[in-house]
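Visitor: got a sequence here, can you build the structure:
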Amino acid sequence: MTRQSVFVLVAFIAPIFVVQSFQPPVAFFNRLQHNVGLYPKSTNTELYATPSKPSNTQRNWKKKRKYGRKRQEELKNPKELETWRMYGIDVNPDALGTSSMPDKRKEKETDSIPPERSYLTPPVLSSLLSRLRIKQDISIRSNSEDLNDTVSLPPQLKDARVIRRSIDARRRKGADPNYTFVIEFTLTRAAARDLNLTHQPGRIERMSGKQLKSENAAKSDETPINEGGESSSKPKVVIVGAGPAGLFCALSLASSGLFTPILLERGQSVEARGKSIGALINRRLIDPESNFSFGEGGAGTWSDGKLTTRIGRNSGAVRFVLETLVKYGAPERILVEGAPHLGTDNLVRLLRNMRSDLRSMGGEIHFGACVNKFHIEDKAVTGVDAKCKPTNERIKTSNGEGDLTSQEESTKTFSGDAVVLATGHSARDVYYELEAKGVELEAKGFAVGFRIEHPQRLINEIQYGKDWGGRVFTRRMSTDAANVKHFENDVEDSDSHTGTLPVASYRLATNKAFDGDSNRGAYSFCQCPGGQIVPSSTEDGELCINGMSFSKRDSLWANSALVVTVSPDDSILEPYRLAHGSLAGLEFQRDMERKAWEFGGGGMRAPVQRLTDFVNQKTSESVPSSSYRLGVKSAACHDIYPQPLYNALAHAITHHFDKQMPGFLCDEALLHGVETRTSSPVRVIRDANTLEASGVDNLFPSGEGAGFAGGIVSAAVDGLLVANAIKAKFYSHDKSTLFDGD
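Guide: As a prediction, the model looks like this:
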């Protein structure tokens, strides 16, 4: 064979060798023989080592043919509309200008424009079109202040709306903070094909009919099942507690037209409750039944009004709750904001509207009614006794508004076909009554700690950086002036930006808080930017604190609970378990609150300590100003809790929290004692199917106090689930009809 022939043969074989380099040697040899014609093509010699399995190429072609057929079937109706959702659309605050700045005047001017439309400004639409690779023919003004700017959709899109807006303050590689949007848009199937849209979970998703049905379930009010019938013939449901669980359960039952809900609240209406809180703040007079913890709306009324939840913002049940809140007066932006909150001022108006509507549908509401006895006969609850006190509330009349008062003080029996237990986690007397009646209880994990307070301007700097921290505005002159002064040395960096940002918030967590023996969980809880610290005690001689903020979040301070987890079998609870069984956590909380009262010197004064002194275990010689209005006293807060809990919290602060937020551990940070009521340490055991208490018919535990929720939204959802369970028990109602698709 000549040299030229060898070169030709090598040139012919080399590509085959490259293509078949991943085939087993036998298969390659047989394929090589076949290609060079060493035996006829009709031979039965195997060309592959595993002839029964198709090659990757064959599989890919089958997939393409299958996908092609599917798309062809879809494109039989090319004009049919599809709905898609795109995540992670980032817009720089400078592009939005001051249009993102809070302004009550502008909010009133644009009340007719829902946030899902008003948030779709030219810069936001531009970012969406860039992601879709659609040529932009619209003119974008980067610093537009007109919220009513109209945007023209390109011909490919039939509709678009903002589903979620949030702040991404992560300064990755020095990047600016961004507003991040989730946008839902509608287009034809043909347009989706032309844009090469493919379903990618978490990035861009094609919404199915079932998803859209689930998420839009709240847009139509719950339809009454039966509007007829006398109220006397309807089953009566006694609901103990007018927090989120009790209120939403009562509204659902009343709107069905099948039940008469009787709502009992140990505290006062929001109007009278405000007076009780004023007496506590100004004269240190605590009403054990009407305070920051007890009263219409529950403990969440005088808090931040957070509507965040871990059960899924897009579920039908959560959407129903949010839409209901909007119906009764909540701002529509809660449907769009990534971390929505109401604020105490909005909650007061909203609760009054709920109360009025509930009564108009035949429901009863009794304030000042403290339940002290459950009637249980033959393993079934038949009613409750309540000690009733004088009440005062404002009601709407034909002539405007008037007072509805009751001066009687007595004990009344409220009989019912079912009883819903929707008390909050501070109703400790109810747990003891349930235990005495033989209702099954179990201990559950909880968390205790302190409330930390920083100047809000410092949190702005930590979260947004010096170049953006000065661009936070609340429209409260004193707060904004303090923030500007803090960043005055960085005015050049701040002046280079035209965008604005909301007051900064934060969330901290670790599961490696070392207590000297093992790791515990430690985390921030109920963080209140632009808020204040308030007392949440329900008795003299015990001090517990909480955080709250109004809707504007415009105070000088930011506060948050810093807590450590306590498990049901925790060794620190051993003495309490021996004496109190499943109620050990309650007694532990009480002991810590009594110690906090003593450390603060009584009179509702809070023991405080600089955070730097806390981790070094020394009492602070001086302390910075505090938002807590009943007074503070420098104390050795590191000695309040058992040593393992102190060790874990100090370790979390120094080894985790200050690394997650450099600057968090500083002299200006002031620790206040104590925060013990983050959740209930007890759960009322209930059947997973009927939702009735184990061993007691017609008793339905619900909400946070019963151990089945952890916030306003989750408690409201649990109240709705219990309402559906009651309908199913009495009328064979399908429990899944309201939230189909969850």
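Visitor: and the gap between residue 670 and residue 360?
Guide: For residue 670, the distance to residue 360 equals 47 Å [Cβ to Cβ, to the nearest Å]. For the C-beta atoms, the positions are set from N, CA and C on the backbone; glycine is no exception.
Visitor: the more surrounded of those two?
Guide: The residue with more neighbours, out of residue 670 and residue 360, is residue 670; 30 against 10, by other Cβ atoms under 10 Å.
Visitor: what's the pLDDT at the more buried one?
Guide: pLDDT, residue 670: 98.
Visitor: could you do residue 486 as well?
Guide: As predicted, residue 486 sits at a pLDDT of 91.
Visitor: which residue comes closest to it once chain neighbours are left out?
Guide: Among residues not flanking residue 486 along the chain, residue 457 sits closest, at 4.1 Å (Cβ to Cβ, 6 or more residues apart in numbering).
Visitor: kindly export the strand or helix carrying the one you found (C-alpha atoms) in PDB.
Guide: Here residue 457, judged by DSSP states H and E, is contained in helix 456-464. Output of helix 456-464 as PDB, limited to C-alpha atoms (Å, rounded to 0.1, in the frame of the first residue of the first chain):
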ATOM      1  CA  GLN A 456     -33.000  52.700  62.000                       C
ATOM      2  CA  ARG A 457     -30.300  54.700  60.200                       C
ATOM      3  CA  LEU A 458     -27.700  52.100  61.200                       C
ATOM      4  CA  ILE A 459     -29.800  49.200  59.800                       C
ATOM      5  CA  ASN A 460     -30.200  51.300  56.600                       C
ATOM      6  CA  GLU A 461     -26.400  51.500  56.300                       C
ATOM      7  CA  ILE A 462     -25.800  47.800  57.000                       C
ATOM      8  CA  GLN A 463     -28.400  46.600  54.500                       C
ATOM      9  CA  TYR A 464     -28.000  49.200  51.700                       C
END
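Visitor: packing partners of the next helix-or-strand element following that helix?
Guide: Moving toward the C-terminus from helix 456-464, the next helix or strand (DSSP H and E) is helix 466-469. Contact analysis of helix 466-469 by 3 or more Cβ pairs under 8 Å, 6 or more residues apart in numbering; DSSP states H and E lists helix 456-464, helix 491-495 as its packing neighbours.
Visitor: try it again with 7 Å
Guide: Counting contacts by 3 or more Cβ pairs under 7 Å, 6 or more residues apart in numbering; DSSP states H and E, helix 466-469 packs against helix 491-495.
Visitor: pLDDT on the helix it packs on, on average?
Guide: Averaged over helix 491-495, pLDDT sits at 60.
Visitor: ok but residue 281 is inside a helix, no?
Guide: Yes - applying DSSP: H, G, I helix; E, B strand; the rest coil, one finds residue 281 inside a helix.
Visitor: so it sits against residue 629, correct?
Guide: Yes - using Cβ atoms under 7 Å as the test, residue 281 is close enough to residue 629 to be in contact (5.6 Å).
Visitor: burial count for the residue nearest to residue 613 when sequence neighbours are not counted?
Guide: Excluding the flanking residues, the one nearest residue 613 by Cβ to Cβ, 6+ apart is residue 620, at 4.6 Å. By other Cβ under 10 Å, the residues close to residue 620 number 20.
Visitor: low-confidence bits of the stretch 201-350 of the chain, can you list those?
Guide: Where the stretch 201-350 of the chain drops to pLDDT under 70, the residues are 209-232, 312-314.
Visitor: now stretch 627-640: how far from the chain's centre is it?
Guide: With Cα atoms, centre = their mean, to the nearest Å as the basis, stretch 627-640 stands 30 Å off its chain's centre.
Visitor: to clarify, my last question referred to stretch 427-446.
Guide: 27 Å.
Visitor: and it, what's buried?
Guide: For stretch 427-446, the neighbour count (16 or more other Cβ atoms under 10 Å) marks 427, 428, 430, 431, 433, 434, 435, 439, 441, 443, 446 as buried.
Visitor: show residues contacting the host helix or strand of the fourth one.
Guide: It stands for residue 431. Secondary structure assigned from DSSP H and E places residue 431 in helix 428-436. Here helix 428-436 makes contact (Cβ atoms under 7 Å, 6 or more residues apart in numbering) with 371, 372, 373, 374, 423, 441, 583, 586, 682, 684.
Visitor: hey, what's the residue nearest to the last one when sequence neighbours are not counted bridged with?
Guide: Read it as residue 684. Distance criterion Cβ to Cβ, 6+ apart; nearest residue to residue 684, sequence neighbours excluded, is residue 701 at 3.8 Å. Here residue 701 shows beta-bridge partners residue 421, assigned using DSSP bridges.
Visitor: do you know how far residue 701 is from residue 363?
Guide: Relative to residue 363, residue 701 is positioned 20 Å away (Cβ to Cβ).
Visitor: need the contact list for the residue nearest to residue 177 when sequence neighbours are not counted.
Guide: Of all residues not flanking residue 177 in the chain, residue 169 sits nearest, at 4.5 Å (Cβ to Cβ, 6+ apart). Residues near residue 169 by Cβ under 7 Å, 6+ apart: 177, 463, 464, 504.
Visitor: return the per-residue confidence for the closest residue to the last one other than its chain neighbours.
Guide: Excluding its sequence neighbours, the residue lying closest to residue 504 (Cβ to Cβ, 6+ apart) is residue 463, at 3.7 Å. Reading off the per-residue confidence, residue 463 sits at a pLDDT of 94.
Visitor: do the same with the one 3 residues further on
Guide: As summarised for this prediction, residue 466 has a pLDDT of 89.
Visitor: can you give me the distance of it to residue 530?
Guide: Plainly put, residue 466 is 20 Å away from residue 530 if you go by Cβ to Cβ.
Visitor: does the most centrally placed residue in the chain count as helix, strand or coil?
Guide: Centroid check for the chain by Cα atoms, centre = their mean gives residue 308 as the closest residue, at 1.5 Å. With three-state DSSP as the basis, residue 308 sits in coil.
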